[in-house]
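In: Structure of the sequence below:
(one chain, ligands or ions: 2)
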Amino acid sequence: MNVYDSARMADTLAPLGYVETDKVDDADMVVINTCHIREKASEKVFSELGRLRRMKETRQSEQNRDMSIAVAGCVAQAEGEEIARRAPWVDVIVGPQAYHTLPELVSKLDPSSRGAVMNTDFPVEDKFDFLPEEHAPRGPAAFLSVQEGCDKFCTFCVVPYTRGAEFSRPVKSIIDEAKRLLATGTVELTLLGQNVNAWHGMAVDGSTWNFGRLLYALAELDGLKRLRYVTSHPLDMHDLLFDAHVEIPQLMPYLHLPVQSGSNRILEAMNRRHDRDAYFKIIERLRHGRADMAVSGDFIVGFPGESDRDFADTLNLINEVKYASAYSFKYSPRPGTPAASDDMQIDEAVKSERLAGLQQLLTSQQQAFNHSKLDQVMDVLIERPANRAGQKAGRSPWMQAVHFSEDVGQIGDIVPLKIVSATQNSLAGQAVI
Ligand code: SAH
Ligand code: SF4
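Out: Ligands and ions are numbered 1, 2, ... in the order given. Have a look, this model is predicted:
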């Protein structure tokens, strides 16, 4: 979602004459879009700000040229005051629900004054109504945010505090954006939301649709060849969504469905509001509907009170499900969340040991999944030139990175490729003659 938000921030600044650059040295303004989900991510912001301060000062003294610095995203939201206090060289602080006001904030910049202009409101108006259209094509595979915020309050998570209450974009606004993207060369859409399958938006006739219904409507659009969505919560799976996985050919056979833990006791303490059996049933139903369905997940190890037995339950769940890929994290206590003040915190060394064991298992599953595709022919969406000269890179239906000869197809094409080698992180393909 931060990638999507960053692109939209660039859209808001384009009418002011700003264009994106890859090099900080070239930039008149640097916007850091930040993440607050774990402590590590938010600590990085302050070290990055220190680096930018030195650049700003050198530029001012040696070139008499200014550089403005903006901090956006969830660290800005959660720690805006602290950033302003600890880093007075920051010029703009803007939260994730207020970045449509960037042009206004930038217009208030005054190089002669110290201190930041700030907007960390959760505006009542819908930011999407105020964002300008995309100023540049987004490429063959693009993100589209449909749902933001969260009302679930898992006991470890800051999202409900930083992104605010659950909000679903209305159908028309989503379809309009999808049509614009498809008209400029996008063929694959990934719908985004903190709990994307909880989306329930207003249709043009005033009725409320669920997420499954939205997928059916998007699948009708001209030019849409692939459809994905991320991230889903098990509790928000619903009948029409299961049907969509069986009936919509563009919907890719891959679902990111985090479970966090395989222990019922920990799931309850996390306030996930489902048990492991409910999760197994969802996976079973998906695979029953589509035999080639692959699943990825998120896991947290070392949640307060997690015993060896709880952890063993997680390993056991992973062995049952067999993941195509997964993200896993050591529990990170976040300020203001209930679990952070639990007095059963787990030792850092235990967390590290559990994470290593878990990742070893997940890595071997990912490797096995990739190897299972050897010698198969699969459709690959060509996304870009590869890092290695003479090659292009694309994605399989299951999100695997595939590289192949640059002579094959054009960027934006979907081509059949035979998989000739597989590693843990990628596949190599060959044109089918
Ligand atoms: N809404 C999604 C997840 C959003 S947060 C869901 O409910 O599944 C993305 C991931 O970050 C989570 O799935 C979780 O694994 C991880 N995460 C969130 N808070 C964390 C914390 N305090 N410590 C460690 N990992 C965390
Ligand atoms: Fe965070 Fe996801 Fe739980 Fe919401 S459902 S509180 S985003 S982990």
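In: Can I take it that Leu105 is in a helix?
Out: Yes: judged by DSSP: H, G, I helix; E, B strand; the rest coil, Leu105 forms part of a helix.
In: can you tell me how far it sits from Ala183?
Out: Remark: distance between Leu105 and Ala183 (C-beta to C-beta, to the nearest Å) = 31 Å. Just so you know, the C-beta spots here come from the backbone N, C-alpha and C atoms, and that holds for glycine as well.
In: same thing with Met29?
Out: Distance of Met29 to Ala183, given as C-beta to C-beta: 30 Å.
In: of the two, who's got more company?
Out: Between Met29 and Ala183, Met29 has the larger neighbour count (other C-beta atoms under 10 Å), namely 18 against 12.
In: Tell me, what's the model's pLDDT at the more buried one?
Out: You'll see Met29 listed with a pLDDT of 95.
In: mind listing what it touches?
Out: Leu13, Tyr18, Met67, Ser68, Ile69, Ala70, Val106 (C-beta atoms under 8 Å, 6 or more residues apart in numbering).
In: among those, which are in helices?
Out: Leu13, Val106 (DSSP state H).
In: May I ask which of the contacts of Met29 has the most neighbours?
Out: That'd be Ala70 among those, by other C-beta under 10 Å, with 24 neighbours.
In: so what's it closest to, chain neighbours aside?
Out: Nearest non-adjacent residue to Ala70, counting by C-beta to C-beta, 6 or more residues apart in numbering: Val92, 3.7 Å away.
In: Who is the one you found paired with across the strands?
Out: Using DSSP bridges, the bridge partners assigned to Val92 are Ala70, Val117.
In: burial measure for it, as a count.
Out: Per other C-beta under 10 Å, the neighbour tally for Val92 reads 23.
In: Show me which residues of the stretch 201-350 of the chain sit near ligand 2.
Out: Proximity of the stretch 201-350 of the chain to ligand 2 (C-beta under 6 Å from any ligand atom) is limited to residues His233.
In: Tell me the backbone dihedrals of the nearest residue to His371 once chain neighbours are set aside, please.
Out: Once flanking residues are discounted, His371 sits nearest to Ala422: 4.9 Å by C-beta to C-beta, 6+ apart. For Ala422, the backbone dihedrals are phi -140, psi 130 (criterion: degrees, to the nearest 10).
In: Do I have it right that Ala422 meets Leu374?
Out: Yes: here Ala422 reaches Leu374: they are 5.4 Å apart, a contact under C-beta atoms under 8 Å.
In: of the two, who's got more company?
Out: For Ala422 versus Leu374, neighbours defined as other C-beta under 10 Å are more numerous around Ala422 (20 against 13).
In: For the nearest residue to Leu257 once chain neighbours are set aside, report the pLDDT, please.
Out: Distances taken as C-beta to C-beta, 6+ apart place Ser232 nearest to Leu257, at 5.3 Å, with adjacent residues excluded. We note a pLDDT of 98 for Ser232 in this prediction.
In: Residue numbering should commence at 55 henceforth.
Out: Yep, numbering from 55; the last one is Ser286 now.
In: before we move on, what SS does Ser286 have?
Out: Here Ser286 is recorded as coil under three-state DSSP.
In: List the residues that contact it.
Out: Here Ser286 is in contact with Asn249, Val250, Asn251, Leu309, His310, Leu311, Pro312 (C-beta under 8 Å, 6+ apart).
In: Mind doing that once more with 7 Å?
Out: Ser286 is in contact with Val250, Asn251, Leu309, His310, Leu311, counting by C-beta atoms under 7 Å, 6 or more residues apart in numbering.
In: And Leu67, by the same measure?
Out: If you count contacts by C-beta under 7 Å, 6+ apart, then Leu67 has Leu156, Pro157 around it.
In: With pLDDT as extra columns, can I get the contacts of Ser286 in TSV?
Out: Formatted as TSV, the contacts of Ser286 follow (pLDDT from 0 to 100):
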residue	pLDDT
Val250	98
Asn251	98
Leu309	98
His310	98
Leu311	98
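In: In strands, which of the residues you listed fall?
Out: Among the contacts of Ser286, the members falling in strands (DSSP state E) are Leu309, His310.
In: circling back to that earlier point, please name the bridge partners of the residue nearest to His425.
Out: Leu481.
In: Look up how far Asn424 lies from it.
Out: 4 Å.
In: what do you get for Ala196?
Out: Taken as C-beta to C-beta, the span from Ala196 to Asn424 is 25 Å.
In: Same check on His299?
Out: In this structure, His299 and Asn424 are 22 Å apart, going by C-beta to C-beta.
In: Equivalent analysis for Val99, please.
Out: Using C-beta to C-beta, one gets 34 Å for the distance from Val99 to Asn424.
In: neighbour count winner among the two?
Out: Asn424 (23 against 20).
In: That one and Ser475 touch, don't they?
Out: No: if you go by C-beta atoms under 7 Å, Asn424 and Ser475 don't touch, sitting 9.5 Å apart.
In: quick one: contacts for the residue nearest in space to the middle of the chain?
Out: Taking C-alpha atoms, centre = their mean, the centroid of the chain lies closest to Met55, which sits 4.4 Å from it. By C-beta under 7 Å, 6+ apart, the contact set of Met55 is Ser199, Leu246.
In: Can you give me the pLDDT of it?
Out: 93.
In: Now Asp120, what are its backbone angles?
Out: phi -100, psi 160.
In: count of residues packed around Val225?
Out: Val225: 22 neighbours (other C-beta under 10 Å).
In: An error on my part: the question was meant for Leu321.
Out: Using other C-beta under 10 Å, Leu321 is surrounded by 24 other residues.
In: go on, Val258?
Out: Neighbours around Val258, by other C-beta under 10 Å: 9.
In: wait, isn't it in contact with Val225?
Out: Yes: in this structure Val258 lies within contact range of Val225 using C-beta under 7 Å: 6.4 Å.
In: Return the residues of the stretch 155-304 of the chain in contact with ligand 1.
Out: So far as C-beta under 6 Å from any ligand atom goes, the stretch 155-304 of the chain lies against ligand 1 at Phe210, Cys211, Val213, Gln248, Asn249, Thr285, His287.
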